[in-house]
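Asks: Give me a 3D structure for the following:
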Amino acid sequence: MVVMPVVDQEKCNGCELCINVCPCRALVLVKNVITVIETKDCGWCIQCEVICPSGAITCPYEIVIEETH
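Replies: The predicted structure follows:
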């Protein structure tokens, strides 16, 4: 299963920072809002989520890190 970013279009300000850091080119600007293009190359590197100044891009599932002792 390919995990693609989720974009909250209400929060997106169209700055294009995420497009510039996306190594698999899964993001494009459409009508001044980021849109996700389905691609099998996206491995959810989180670069787009980290750089988004408005918090519009999120991971579509919760990541749980469990400590082992």
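Asks: for the record, mean pLDDT for stretch 3-12?
Replies: On average, the pLDDT along stretch 3-12 is 90.
Asks: Give me the contact list for that stretch.
Replies: 26-27, 33-36, 38-39, 42-44, 48-49, 54-61 (CB atoms under 8 Å, 6 or more residues apart in numbering). C-beta coordinates here come from the backbone N, C-alpha and C atoms, glycine included.
Asks: same check, this time on stretch 38-53
Replies: Counting by CB under 8 Å, 6+ apart, 2-5, 13, 15, 17-18, 21-27, 57-59 sit against stretch 38-53.
Asks: which of those residues count as buried?
Replies: Buried subset of the contacts of stretch 38-53 (neighbour count, 16 or more other CB atoms under 10 Å): 4-5, 15, 17-18, 21-22, 24, 26-27, 57.
Asks: In CSV, list those along with distance to H69 and secondary structure.
Replies: Shown next, in CSV, are the buried ones among the contacts of stretch 38-53 (distance: CB to CB, whole Å; DSSP: H, G, I helix; E, B strand; the rest coil):
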residue, distance to H69, secondary structure
M4, 35, coil
P5, 33, coil
C15, 43, coil
L17, 39, helix
C18, 37, helix
V21, 36, helix
C22, 37, coil
C24, 36, coil
A26, 38, coil
L27, 39, strand
I57, 34, strand
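Asks: Closest one to E66 out of those, please.
Replies: Using CB to CB, P5 comes nearest to E66 of the buried ones among the contacts of stretch 38-53, at 23.9 Å.
Asks: Excluding sequence neighbours, find me the nearest residue to that closest one.
Replies: Closest residue in space to P5, ignoring its immediate chain neighbours: I57 at 5.0 Å, by CB to CB, 6 or more residues apart in numbering.
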